[in-house]
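J.: quick check, what structure comes out for this input:
(one chain, ligands or ions: 1)
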Amino acid sequence: MTEPAGRMKDRRVALGITGSIAAYKAIELMRMFQNEGADVRVLMTTSAVEFVGTLTLETLSHHPVDSDVLALQGDGRIGHIAAAHDVEAIVVAPATAHWLGAMANGLAGDTVTAACLAASVPVIVAPAMDGGMYAHPATQANVARLKEFGYRIVEPESGVLASGLVGQGRLAALGSIVDATVAALNGLPAATAAGGTRAGGRTVPGPTRTDMAGLRVVITAGGTAEPIDPVRFIGNRSTGKMGVAVAGNALDRGAAVTLIMGNASVEPPAGAHVVRAETAAEMQAALRALTPPAGPRFDVLIMAAAVADFRPRSPSTTKLGRSAGLTLEMDATPDLLAETSERVRASLPAGSRRPILVGFAAETGTFERVVKKLESKGVDLLVANDVAEPGSGFGTDTDRVTIYSTDMPLEELPLLPKYEVAELLLDRVLIRLENAAAKSDIPADAGAHQPAEVGQ
Ligand code: CTP
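T.: Next comes the predicted model:
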């Protein structure tokens, strides 16, 4: 495996793709950025989607592709605004004549222009089109206008074009686009490169390590709240501390983290992509949307949420009065972990590396049911703790856990801060990921953790 050259190590870049035949080259360009150590998220115009499918880009980037200017992210943020605030540079390659015109005039009809308008980061633009179109005074005026904005233009090359004609319009050599991006990022102070700010104005600390760089981790945290009526619900004592600790640890190690968050009394860590899910049904919907086959591929699922096991059969749409007393009929909820495990395994392409799945088991007094849960939920690791023990369980800052796995004897860890439990747990996840990669036919499929091999 070739190590990333690292000129863009830990940098977050948006790649804007517009509707030129050269759009296919953007896939290779994204890989080159990843090989340099960058985390790349992709924005596309609708015509770019006609040239290259989003699935390839989502799979390789480990992020959803944003091609709809009206779309909201799962956490309610506007996709292109979130992208504009989350990245340190935007690279538009290829940029069509139409896009140059829209950008020069500030017409935000697509996610790429909109993100550029909203961002205050370097923008690198690599035009690609017919030679006559590029030479036209209108296009040249638009390019000049973009230069006035401070955008760096990577001039197209001369040569044979898609039309068979010869002219200056061929997308610049990908290496020179990468070099221009590296040069633009080098001009930024290190603090901005490592962190940056989010829409909420919080400063986001950058990763302190990179052993999970390029890995896409989905984590659930908190408890679910199952409505009885618009005012009351059936909940549990989960505060979300453990799931948030795991998310924080994964972010510190360079992972891209999606946090599906139920009822919690702690804030999600800055830098996580947060999707709120109050009920078991909402958490089920989020998991379905964020994992295959409907959602993008991921590398690790950590199911730390305390999902309700029962929910009221027919919640009232109006507030129930006290006078009559109350008998509730309850239905069992589906086992979200078991169903996710089954669905993801069934949808894996033959020979590809499978993700590592982790569950939690809150027990009282005895762990005798844990081995059975490990099997029935189809997970690699199950973290059990005795919530009846002082200092271990709901709402505490520490936990004493026992890690059960399918391939090793159980491990009893001492009472530790939850962040340290998360650290030791993710160490064990990484070992299993390496083992799973070694067993798969296409280890490259695993993602940017092995950037040089992706797709080769
Ligand atoms: N879990 C789930 N869906 C549910 C219940 C639990 O995905 N409906 C997940 C939890 O997130 C946790 C694991 O399963 O990772 C174990 O949860 P636990 O409550 O210990 O197990 P249950 O299957 O609910 O078994 P029991 O309530 O009988 O202990």
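J.: all strands of the stretch 101-250 of the chain, in order?
T.: 123-127, 152-153, 157-160, 166-170, 216-221, 226-227, 233-234 (DSSP state E, counting those that start in this stretch).
J.: what lies in contact with the fifth one?
T.: In this case it means strand 216-221. 62-63, 240, 242-244, 246-247, 250, 255-262, 264, 268, 272, 277, 283, 287, 290-291, 296-305, 307, 336, 447 (CB atoms under 8 Å, 6 or more residues apart in numbering). Glycine gets a C-beta too; all of them are placed from N, C-alpha and C.
J.: equivalent analysis for the first one, please.
T.: Contacts of strand 123-127 with the rest of the structure, by CB under 8 Å, 6+ apart, involve 89-97, 100, 103, 116, 134, 139, 143, 146, 149-156, 169, 171-172, 177, 180-181, 184.
J.: repeat that with 6 Å
T.: 90-93, 95, 116, 146, 151-154, 156, 171-172, 177, 180-181, 184 (CB atoms under 6 Å, 6 or more residues apart in numbering).
J.: state the mean pLDDT of that strand.
T.: In this model, strand 123-127 has an average pLDDT of 95.
J.: from the chain's centre, how far out does that strand sit?
T.: Remark: strand 123-127 is offset 25 Å from the chain centroid, using CA atoms, centre = their mean, to the nearest Å.
J.: before we move on, what about stretch 428-441?
T.: That offset, for stretch 428-441, works out to 20 Å (CA atoms, centre = their mean).
J.: could I have that stretch exported to CSV, CA atoms only?
T.: Below are the C-alpha coordinates for stretch 428-441, written out as CSV (Å, rounded to 0.1, in the frame of the first residue of the first chain):
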residue,chain,number,x,y,z
ARG,A,428,-10.4,-3.2,18.7
VAL,A,429,-12.6,-2.1,15.8
LEU,A,430,-9.5,-1.1,13.8
ILE,A,431,-7.9,-4.5,14.3
ARG,A,432,-11.1,-6.1,13.0
LEU,A,433,-11.2,-3.8,10.0
GLU,A,434,-7.7,-4.7,9.1
ASN,A,435,-8.6,-8.4,9.4
ALA,A,436,-11.7,-7.9,7.3
ALA,A,437,-9.6,-6.1,4.6
ALA,A,438,-7.1,-9.0,4.6
LYS,A,439,-9.9,-11.5,4.0
SER,A,440,-11.7,-9.5,1.2
ASP,A,441,-11.0,-9.9,-2.5
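J.: how about it: buried residues?
T.: 428, 429, 430, 432, 433, 436, 437, 440 (16 or more other CB atoms under 10 Å).
J.: thinking again about what came up before, reformat the strands of the stretch 101-250 of the chain into a markdown table and put distance to the ligand and mean neighbour count next to each item.
T.: Shown next, in a markdown table, are the strands of the stretch 101-250 of the chain (distance: least, CB to the nearest ligand atom, whole Å; neighbours: other CB atoms under 10 Å):
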| stretch | distance to the ligand | mean neighbour count |
| --- | --- | --- |
| strand 123-127 | 42 | 27 |
| strand 152-153 | 47 | 18 |
| strand 157-160 | 53 | 12 |
| strand 166-170 | 52 | 19 |
| strand 216-221 | 6 | 28 |
| strand 226-227 | 11 | 20 |
| strand 233-234 | 13 | 18 |
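J.: a markdown table please, covering the ones you listed and showing distance to residue 379.
T.: Converted to a markdown table, those look like this (distance: least, CB to CB, whole Å):
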| stretch | distance to residue 379 |
| --- | --- |
| strand 123-127 | 43 |
| strand 152-153 | 47 |
| strand 157-160 | 51 |
| strand 166-170 | 50 |
| strand 216-221 | 13 |
| strand 226-227 | 24 |
| strand 233-234 | 25 |
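J.: flag every residue of the chain that's near the ligand.
T.: 280, 303, 305, 307, 309, 333, 335-337, 359-362, 373, 377 (CB under 6 Å from any ligand atom).
J.: of the residues you listed - the most surrounded one?
T.: residue 305 (29 neighbours; other CB atoms under 10 Å).
J.: which residues of the stretch 301-450 of the chain score low on pLDDT?
T.: 441-450 (pLDDT under 70).
J.: now do residue 240 against residue 222, distance only.
T.: Relative to residue 222, residue 240 is positioned 4 Å away (CB to CB, to the nearest Å).
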